[in-house]
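A.B. asks: Okay, structure incoming, though there's no sequence with it:
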């Protein structure tokens, strides 16, 4: 068994377990629903990020979804921070000031709109070929 196959298998198991835990956290009856929902969304975004381990480079034709998947990891740590706040403080509520944690995700995707999301298919294929070539030499 190749190490890459082992990594893909571990990635699939990790994504499945993360989504299973997230489903449990979203459906369980408890007093601290906000903390459970924040932690569930953390697991969902972690599963989206971990799904890159078992997606082959040959199947990554939809570059818009791939870039969005790779920028979704910018939401994981703020969700975990808000989860810790919700667990530590019993009177914690989400406020408008907590939206500042979305800024890195929004800014990165705004930068990518003209360069990647709205670019032509030829430009995307050139970018994909360059990234595949760079992976071979590293």
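C.D. replies: All right, it came through fine. Because the structure is predicted, anything quoted here is derived from the model rather than measured.

A.B. asks: Backbone torsions only: list them for the residue at the greatest distance from the centre of the chain.
C.D. replies: No residue in the chain sits farther from the centre than residue 91, which is 28.5 Å out by Cα atoms, centre = their mean. Main-chain dihedrals, residue 91, degrees, to the nearest 10: phi -100, psi 20.

A.B. asks: And residue 37, how far from residue 122?
C.D. replies: 42 Å (Cβ to Cβ, to the nearest Å). From N, CA and C alone the C-beta is placed, and that goes for glycine too.

A.B. asks: Please identify which of those two sits among more neighbours.
C.D. replies: Of the pair residue 37 and residue 122, residue 37 is the one with more neighbours under other Cβ atoms under 10 Å, namely 18 against 8.

A.B. asks: Which helix or strand contains that one?
C.D. replies: Using DSSP states H and E, the element containing residue 37 is helix 33-50.

A.B. asks: Which positions in that helix come out as buried?
C.D. replies: 34-50 (16 or more other Cβ atoms under 10 Å).

A.B. asks: who does that helix touch, helix- and strand-wise?
C.D. replies: Here helix 33-50 touches helix 3-27, helix 63-71, helix 76-88, going by 3 or more Cβ pairs under 8 Å, 6 or more residues apart in numbering; DSSP states H and E.

A.B. asks: right, and these - which one's nearest residue 118?
C.D. replies: Among the helices and strands packed on helix 33-50, the nearest to residue 118 by Cβ to Cβ is helix 63-71 (9.4 Å).

A.B. asks: quick check: angle from the closest one to helix 33-50?
C.D. replies: Orientation check (axes from the mean of the first three to the mean of the last three Cα atoms, to 10 degrees): helix 63-71 against helix 33-50 gives 130 degrees.

A.B. asks: Who's the closest spatial neighbour of residue 23, skipping the chain neighbours?
C.D. replies: Take residue 23 and drop its neighbours on the chain: the residue closest to it by Cβ to Cβ, 6 or more residues apart in numbering is residue 40, 7.8 Å away.
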